[in-house]
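Q: structure for this input, please:
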Amino acid sequence: MYAEGKRYDGRLMTAFIQPNDLQHHRLGITASRKATGNAVERNRAKRLLRETFRLSEAELSRLQLKYDWVLNAKRSLLREKVSAPLEEFHRILARAANDESRVQIATER
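A: Alright, predicted model coming up:
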C-alpha cells in the first residue's frame with residue numbers, strides 16, 4: 001500500500017490511497033505511539049479519523065474510482081475537534097479527485 005499508493009500529506013494526517021476493485025471504499029487507520037502518545041490519545045486519534053471518514057461519505061461517492069485509504073494520525077490531530085480534520089480530509093479528497101481527473105485526461109489522449 002505505501003509503496004504503490006499515492007500519498008497526501010496534511011497538518012493533521014497523512015493519507016495513502018490506492019484504487020481497489022471493489023464497489024466501496026475501505027479504511028485503515030494508524031496512530032502510532034511515537035506520533036500520538038499513550039493509548040487514550042491513540043484511541044481518540046483513531047476515533048477522530050473514523051468519524052472524519054464517515055462524515056465524508058457524500059464527498060467520497062463523487063470520486064470515480066473506489067480506493068483503499070490508510071489515514072496516519074499526526075500529533076497535532078489531538079488538539080483539534082472533528083471539524084478541523086474533516087476540513088483537511090475534504091482538501092485531501094479534492095486533491096485526489098484532481099489527480100484522478102488528470103490521469104483520466106491523460107489516458108484519453
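Q: list the contacts of the residue nearest in space to the middle of the chain.
A: Note on the chain: the residue nearest the mean C-alpha position is Ala15, at 4.1 Å, using Cα atoms, centre = their mean. Shown in contact with Ala15 (Cβ atoms under 8 Å, 6 or more residues apart in numbering): Arg7, Tyr8, Trp69, Val70, Leu71, Asn72, Phe89, Ile92, Ala96. (Glycine included, C-beta is placed from N, CA and C.)
Q: how about a cut-off of 7 Å?
A: Neighbour list for Ala15: Tyr8, Trp69, Leu71, Ile92 [criterion: Cβ atoms under 7 Å, 6 or more residues apart in numbering].
Q: reformat these as TSV; add pLDDT.
A: Output for the contacts of Ala15, formatted as TSV (pLDDT from 0 to 100):
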residue	pLDDT
Tyr8	96
Trp69	97
Leu71	97
Ile92	96
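Q: neighbour-wise, which of the residues you listed leads?
A: Leu71 (28 neighbours; other Cβ atoms under 10 Å).
Q: so what's it up against?
A: Taking Cβ under 7 Å, 6+ apart as the test, what Leu71 contacts is Met13, Ala15, Ile29, Leu49.
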